[in-house]
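Asker: sequence and predicted structure below; questions after.
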Amino acid sequence: MEKKITTPLTDKIIRSLKVGDKVLISGVIYTARDAAHKRLVLDMKKPPLTLKDQIIYYCGPTPAMPGRVTGSAGPTTSGRMDGFTESMLKAGVKGMIGKGPRSRETRNLIKKHKAVYFVATGGAGALLARHIKSSKVVAYPDLGPEAIHEFNVVDFPVIVANDAKGRDIFEEGVKKYKRGKK
Amino acid sequence: MREIEAQKITKTVRDLCIKANYELSDDVLYLLNEALKKERSANAREIIRELISNADIAKKVRYPICQDTGLALVFIELGQDVRITGGDLTEAVNEGVSRGYKEGYLRKSVVNDPFFRKNTNDNTPALIHLDIVPGDKIKITFMAKGGGCENVGAYKMFKPGASREEIEEFVVDTVKAAGANPCPPIMVGVGIGGNQENSALLAKKALLREAVKLNSNKDTRKMEKEILAKINDLGIGPEGLGGTMTAMSVHIKTAPCHIASLPVTVAIDCHAHRVKEAVI
């Protein structure tokens, strides 16, 4: 069973999400990866977009073919954004979408700020692109693929990886299927 | 001497960039389907089904398989009886990458400098690995190598007396540390022997072996099988969410080395293993 949610995120939505939940997101989400984060944290006094209650998608899409909304648009490795996450959460970001685990420190911050971290399937950028209905660059156009894009998504499929209670899908999942000595 | 025009090389490289990024090879699709049969976690099977469906959309609807369309690795076997006319080899390859990434709507993921990090806007320079071989042909193998999996490779210099088990342990530990980040189910290339830079290249070249082809060396083949089993006992699973299919295939390539050395490099590739070749 999938849960359908709409952005921006409210405390009520976040409270309802548990680790492992399959979620379909609709509404606006914003892309940002390494270079955009580096700039955003420097621009926090006057950020180029409203971050409160928003979802940040760690993604740098391929260019759209003529007549298309976007190119391939899957998640990048989230761990690289760990160092920027506290500033983002303090600015009001409530959700993040990426792939791979977060550091323990980041997980604690997600819990502290009552936020949520989702994973989308890495390497499924073609499939995910079909859930993006519009796209425009809203900040840092000079960063090219790393510019901040505003995506309007419908039923964008993700899984809750870290919920506001501090649970972690990676630790729990690996423990379940681990065999042998390592 | 056979003459080959530089622009023929450019056109070939251009086409390979596009084909590799839109059409997942049959051998990788075969491995994904095998993974689907072997995986014990129902959630993980769903992820593998998504990956197979993603490959289908990429090819038929024309979206790149992954938004990280990679650094362009270009392996060239240049026949010594070939003379390139109308341009030079390096320029011809880079022109091919530039055209392929622009005309194929692929992401430009290369920056000009590790510190200044300005995008070069055409995904050049390519990384070109050249071997001179007998004959009058040029074989070009293109690999799109994404950042997520590239970032988790590892190198270690062993003592010459190291056992196979110690090396196997190093490979498994590298995959364990990589966890979800390289987009499992992964492919693992291991270069054993040579020297420092040579072992890294061996590991990358090991990844080029067609995934369904067995290693021709019996001992190495056994080692590949053992490492694969140990990796799949780690429990990492597709996308790291837990499962029994962490790796689809392990490829080892060996080379002679110094009496004092036993270098080992592990190169990891994601499930979107994008390799295409052409012979001119």
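Answerer: Alright, I've got the coordinates. What you see is a predicted model, and the numbers here were worked out from it, not measured in a lab.
Asker: check contacts around the closest residue to chain A within the stretch 101-250 of chain B.
Answerer: At 2.3 Å from chain A, residue B:242 is the closest residue in the stretch 101-250 of chain B, using CB to the nearest CB. Where you see a C-beta, it was placed from the backbone N, CA and C, and this is true even at glycine. Neighbouring residues of residue B:242 by CB atoms under 8 Å, 6 or more residues apart in numbering or on different chains: A:169-170, A:172-177, B:41, B:43-44, B:235-236.
Asker: please report the distance of residue A:172 from residue A:15.
Answerer: 20 Å (CB to CB, to the nearest Å).
Asker: and the residue of the stretch 101-250 of chain B closest to chain A, helix, strand or coil?
Answerer: State at residue B:242, reduced to three classes by DSSP: H, G, I helix; E, B strand; the rest coil: coil.
Asker: and the helix or strand containing residue B:3, how far out from the chain middle?
Answerer: Assigned by DSSP states H and E, residue B:3 belongs to strand B:2-5. Centre-to-centre, strand B:2-5 and its host chain are 29 Å apart (CA atoms, centre = their mean, to the nearest Å).
Asker: let me see the ranges of the helices in the stretch 151-280 of chain B.
Answerer: Along the stretch 151-280 of chain B, counting by DSSP state H, counting those that start in this stretch, helices occupy B:164-178, B:196-208, B:218-232.
Asker: tell me what the second one is packed against?
Answerer: For helix B:196-208, the helices and strands in contact under the criterion 3 or more CB pairs under 8 Å, 6 or more residues apart in numbering or on different chains; DSSP states H and E are strand B:71-79, strand B:127-133, strand B:138-145, strand B:154-158, strand B:186-194, strand B:247-257, strand B:262-269.
Asker: show me what the shortest one is packed against.
Answerer: With contacts taken as 3+ CB pairs under 8 Å, 6+ apart, strand B:154-158 sits against helix B:164-178, helix B:196-208, strand B:262-269.
Asker: for it, buried residues please.
Answerer: B:154-156 (16 or more other CB atoms under 10 Å in any protein chain shown).
Asker: now, which of those sits nearest residue B:251?
Answerer: Ranked by distance to residue B:251 (CB to CB), these are led by residue B:154 at 15.8 Å.
Asker: which ones are touching the closest one?
Answerer: With CB under 8 Å, 6+ apart, residue B:154 has these contacts: B:170, B:174, B:177, B:265-266.
Asker: same check on residue B:139?
Answerer: So residue B:139 contacts B:76-77, B:133, B:277-280 (CB under 8 Å, 6+ apart).
Asker: beyond whichever strand or helix holds residue A:159, next helix or strand please.
Answerer: In this assignment (DSSP H and E), residue A:159 forms part of strand A:148-162. Next along the chain after strand A:148-162, taking DSSP H and E as the criterion, comes helix A:169-177.
Asker: can you count the residues close to the residue in chain A positioned nearest to chain B?
Answerer: Per CB to the nearest CB, residue A:173 is where chain A lies closest to chain B, at 2.3 Å. Here the number of neighbours of residue A:173 (other CB atoms under 10 Å in any protein chain shown) works out to 26.
Asker: in this structure it contacts residue B:240, no?
Answerer: Yes. Using CB atoms under 8 Å, residue A:173 is in contact with residue B:240, at 7.3 Å.
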